[in-house]
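Asker: attaching a predicted model along with its sequence, questions to come.
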Amino acid sequence: MNLLIMLPAFLVTIGILVTVHEFGHYWVARKLGVKVLRFSIGFGKPLWKRVSGEDQTEYVVAALPLGGYVKMLDEREGEVAEEELHRAFNRQSVWTRIAVVAAGPIANFILAIFIYALMFGTGVPAMQPFVHANDNTPAQVAGFEAGDKILSINELPVATWEEARMLLLEEYLNSPQLTILVETPQGQQAERILNLSNAQLLKEEGDFLKESGLQFWSPEYGVRLGGLSPGGAAEAAGLKPGDTILAIDGQKMERADAFVGYVQARAGQPIDFKVQRDDGTTNVLVTPAPVLVDGKEVGRIGSGVGEFVPAHVLDKLKFTQSFGPVDSLTRGVERTWQMSVVTLKLMGRMLTGEVSLKNISGPITIARFSGETVMAGLPYYLGFLAIISISLGILNLLPIPMLDGGHLLYYIIEIIKGSPVSERVEEYGFRFGMALVACIMVLALYNDFMRLLN
């Protein structure tokens, strides 16, 4: 992806999320009488600074954009004039401190609600929830047919493919057996019992629905080439990224797996590719290079490949989902709550080993998706921004010292025991929290780099 798109999109994404989060702390602190010394977006050397207001608060944009902070008057961080002691953060009641600390994550949830409400109010691009079942999968056992339209999951109504995916995941986390009401291609309603007891949907990174065998259905698909390996057979023959494969050796190709299987079975044998480009169609002769895989020789052309739905078919499947102001706000709250609950459940399953740690993402993945969603269009970018905002809110509420949730844990202990935790406990907690957050960041970056390599 073009760095000229990805990098600015990433900076805008982080800038919005951090600003909203820190503004939550800042706004509540000011309203409750706490003196704010600095409001900083980013860490490190200030790139821009302004001092204003009765309290002469410093507003800073710093060089390292991965975070921010609000510095408040506090006796633990320096001397405080006697006439300002009542405005020091450490002198506030425990309930005031809880409100100030919790305001940051809450601001992220409010942002997500606002974004979803805006999307539903202006119209969200959506796809009809048509499905098909892959061979030898739980979905095939359940009796799903190509062209089944999902109407409800466990009696909860479904209107779009995205809603179907989210509800399938949410209900699977509650129970592995799902009751799905569909409208068949013949126009009749039928009930499918999808039993996922033996399917480990979240053990590996990628599409969680793959193990279920339930996939989006279209009456027609196409196959398109992705990136090409330098020096590979595809590049040497003159194929280009984005080429649409109309046929190979005269056979029409509508599925990526069929395409891959055909190529792998013909190592060293010339294959006639009929491809479509912006300037028309052309034929290209490609000879797959023989490669040993698990002791077996298979053909490789050195190209990524994917499926897509042709434009004329897509127009029949897609629609715009929109609602009035009240319903949009209600759905914004519901979607934010749903995403929050699913995220927390997935985190819990990670601790038990039921969900792969490969699903943890870091700044590189966020940057990549920021760029991709910007290129896809504003609705997709806003949806991505809402998801990341929810994740940031949840992450900060985890009871890990150094994060907002760690401070809230200390305040809850203070309420129970009647006095604050000792400075020694806070110091050791901070070290532990910092080490834990560092480990999570290392894991996230490792996953990011592995995705790039793969």
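Answerer: Great, that's in hand.
Asker: for the closest residue to Phe43 other than its chain neighbours, which three-state class applies?
Answerer: Excluding the flanking residues, the one nearest Phe43 by CB to CB, 6 or more residues apart in numbering is Leu64, at 4.4 Å. The C-beta positions use only the backbone N, C-alpha and C, and glycine is treated the same way. The local conformation at Leu64, judged by DSSP: H, G, I helix; E, B strand; the rest coil, is strand.
Asker: and Leu64, what does it touch?
Answerer: For Leu64, the contact set (CB atoms under 8 Å, 6 or more residues apart in numbering) comprises 42-44.
Asker: state the distance from it to Glu84.
Answerer: Using CB to CB, to the nearest Å, Leu64 is found at 30 Å from Glu84.
Asker: kindly report the same for Asn108.
Answerer: Applying CB to CB, the value for Asn108 to Glu84 is 30 Å.
Asker: equivalent analysis for Tyr411, please.
Answerer: 23 Å.
Asker: repeat for Gly78
Answerer: For Gly78, the distance to Glu84 - CB to CB - is 12 Å.
Asker: so between the two, which is more surrounded?
Answerer: Glu84 (12 against 8; other CB atoms under 10 Å).
Asker: how long is stretch 249-256 from one end to the other?
Answerer: Using CA to CA, to the nearest Å, the end-to-end distance of stretch 249-256 comes to 16 Å.
Asker: ok so, going back, for the residue nearest to Phe43, report the pLDDT, please.
Answerer: The score at Leu64 is 86. That number is its pLDDT.
Asker: Arg368 now?
Answerer: pLDDT, Arg368: 88.
Asker: that one: how many residues sit nearby?
Answerer: By other CB under 10 Å, neighbour count at Arg368 equals 18.
Asker: secondary structure of it: a helix, I assume?
Answerer: Yes - assessed by three-state DSSP, Arg368 belongs to a helix.
Asker: so which of the contacts of Leu64 is the most crowded?
Answerer: Neighbour counts for the contacts of Leu64, by other CB under 10 Å, peak at Gly42, which reaches 22 neighbours.
Asker: below-threshold pLDDT in this structure: ranges please.
Answerer: 1, 454 (pLDDT under 70).
Asker: and the helices in it?
Answerer: Under the criterion DSSP state H, the chain contains helices at 3-31, 94-122, 138-141, 161-174, 233-237, 256-264, 311-317, 325-352, 363-376, 378-397, 404-417, 423-453.
Asker: can I get those helices in CSV including distance to Arg38?
Answerer: Converted to CSV, the helices of the chain look like this (distance: least, CB to CB, whole Å):
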stretch, distance to Arg38
helix 3-31, 10
helix 94-122, 15
helix 138-141, 55
helix 161-174, 40
helix 233-237, 53
helix 256-264, 53
helix 311-317, 50
helix 325-352, 30
helix 363-376, 24
helix 378-397, 19
helix 404-417, 18
helix 423-453, 20
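Asker: can you tell which of those is closest to Arg224?
Answerer: With respect to Arg224, and counting by CB to CB, the nearest of the helices of the chain is helix 256-264 at 8.8 Å.
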